[in-house]
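K.L.:
Okay, here's the prediction I keep looking at, along with the sequence it came from:
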Amino acid sequence: MSTIKELWLARYRSFLKEMSKYGRYIFNDHIKFVIVFGFGGGAYYYQQMLKTISPDFPAILLISILFSFLVVTGQVTTFFKGPDLHYLLPLEKKMKSYFIRSFLITYIVQVYLMLMMLGVIYPIYKKFSLGQTTSFIVFMVIIFLLKGYNLFVSYMHLTNSGVLNRAFDYCLRLLGTFLFIYGLLSKWSSFFLVIMIVILAIYALSIQIGSKNRRVQWERNVKLDTSRLATFYRFANMFTDVPSIQQQVKRRKWADPIINKIKMRNAANYLLVRTFIRNGNYLSMFLRQLLVGGFVVYLVPTMIGKILIGILFLYVISLQNMSILKQYNYHLLWKIYPYTNEENKKSISTLLYILLIICSLVFSIIGLIKGLSILNFIIAIVVYTLFSMWLIKFYVHKRLSQPQKL
């Protein structure tokens, strides 16, 4: 590359190409249907919730906490790769324009995401008449400015060795942002808000001036970008084969007694169970989706709504975990085991049955706690079980029989 600008453009275009290449597999017709279905159902129940919400609902506290985390969280995407640690090091003093472009594109993307979240909370903002304190347009502008401020401070940690621990810095900025947003919506005095602005400005300036080392933190930049890309690859691997995926394995010694009690008849079953538990992605995502699904099922008031939401999460969970088998498509040792594709599909089906049965029981028990009758509880379990059987027998088997290759 002849210039730093051309280098950045090449990296950015390569990134967009990679996203679009896998994006067409992620946003297929099935996922589009689920998104439309989930958005429509969520919008309906959100509207119903707004009609029955109590006047004592802590709307200001909720909005302040939500946007404090959204504003403070986020890092600049630099599009760095492993070899840059060596090949770009001599150009470090000329990389300022590269970082500025990375900062701007990251800020634009995050502002777009913030804009969508602002659209979600607007009905609450309007219902509780928060516009009488601060108009929604002004609130939006302030949120965007706070996002730019926090992204700039996190950017300084990527280009300098800061005087503060990053975790401590995150907590300080989170607290300061929360107080500012909460004070803004709670009609605190203008003097307090001005003081908060001055404190935030002095804080950013002190980090910039007091930095121990003005050299680019190459290792941390590469690690962050590699981790982000790996997360995207693991997500894309649920929909198609991703040869470049790199799995992160965690020991999780606490699970050994559980695994040892499970009678395994073949190596494929044992490998898939171990992979599900020890892989840094599958178990954690399953638990998160189970908790979120249970929470949404608890909030939905009607029997039909609970069943539909439960079915939606069962579909997403099965889609997430069926990719376990795919990650061994390029593993040489997997090829030498004397098992056919049908036996391998049977192994992943068994694992999915176990996971979906757990989810079905949890969702049904939550519905029972919420007020469903015993009859409705039984109906929910039966519907969830029949859907799980149909999903695995027809949809999952079809997907595994016709893997998509890039």
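P.N.:
That came through fine. Numbering: from 1, shown residues only.
K.L.:
tell me the contacts of the closest residue to Gln47 other than its chain neighbours?
P.N.:
Leaving out its chain neighbours, the residue that sits closest to Gln47 by Cβ to Cβ, 6 or more residues apart in numbering is Pro123, at 7.8 Å. No exception for glycine: its C-beta is placed from N, CA and C like everyone else's. Pro123 makes contact with Tyr46, Gln47, Leu50 under the criterion Cβ atoms under 8 Å, 6 or more residues apart in numbering.
K.L.:
just Gly41 next, same as before
P.N.:
Gly305, Leu308, Ile309, Leu312.
K.L.:
And for Ser135?
P.N.:
Per Cβ under 8 Å, 6+ apart, neighbours of Ser135: none.
K.L.:
Show me what the helix or strand where Ser388 lies is packed up against.
P.N.:
Assessed by DSSP states H and E, Ser388 sits inside helix 374-390. Under the contact criterion of 3 or more Cβ pairs under 8 Å, 6 or more residues apart in numbering; DSSP states H and E, helix 374-390 touches helix 303-321, helix 341-370.
K.L.:
and the shortest one with helix 341-370, angle?
P.N.:
So the one you mean is helix 303-321. 150 degrees (axes from the mean of the first three to the mean of the last three Cα atoms, to 10 degrees).
K.L.:
Next, the angle helix 374-390 makes with helix 303-321.
P.N.:
Interaxial angle of helix 303-321 relative to helix 374-390 (the same axes, to 10 degrees): 30 degrees.
K.L.:
Over helix 303-321, what's the mean pLDDT, rounded is fine.
P.N.:
On average, the pLDDT along helix 303-321 is 84.
K.L.:
and that helix, what other elements does it pack with?
P.N.:
By 3+ Cβ pairs under 8 Å, 6+ apart, helix 303-321 packs against helix 29-52, helix 282-299, helix 341-370, helix 374-390.
K.L.:
Could you pull out the buried residues of it?
P.N.:
Across helix 303-321, burial judged by 16 or more other Cβ atoms under 10 Å covers 303, 305-321.
K.L.:
In three-state terms, label Arg215 for me.
P.N.:
coil (DSSP: H, G, I helix; E, B strand; the rest coil).
K.L.:
what about it, how many neighbours?
P.N.:
Around Arg215 there are 13 other residues, counting by other Cβ atoms under 10 Å.
K.L.:
That one touches Glu92, doesn't it?
P.N.:
Yes. Counting by Cβ atoms under 8 Å, Arg215 touches Glu92, with 6.7 Å between them.
K.L.:
Give the burial count for Ser14, as a bare number.
P.N.:
Residues near Ser14, counting by other Cβ under 10 Å: 12.
K.L.:
Pull the contacting residues for it.
P.N.:
Phe79.
K.L.:
so what pLDDT did it get?
P.N.:
On pLDDT, Ser14 comes in at 86.
K.L.:
just the one 5 residues further on next, same as before
P.N.:
As summarised for this prediction, Met19 has a pLDDT of 82.
K.L.:
in what helix or strand does it lie?
P.N.:
Assigned by DSSP H and E, Met19 belongs to helix 4-26.
K.L.:
Centre of the chain to that helix, how far?
P.N.:
Taking Cα atoms, centre = their mean, to the nearest Å, one finds helix 4-26 lying 20 Å from the centre of the chain it belongs to.
K.L.:
Can you mark which positions in that helix are buried?
P.N.:
Within helix 4-26, the residues that qualify as buried are Ile4, Leu7, Trp8, Arg11, Tyr22, Tyr25, counting by 16+ other Cβ under 10 Å.
K.L.:
Who are the contact partners of the first one?
P.N.:
By Cβ under 8 Å, 6+ apart, the residues touching Ile4 are Leu91, Lys94, Met95, Ser97, Tyr98.
K.L.:
before we move on, what about Gly148?
P.N.:
Applying Cβ under 8 Å, 6+ apart to Gly148 gives the contacts Tyr107.
K.L.:
Brilliant, that's me finished.
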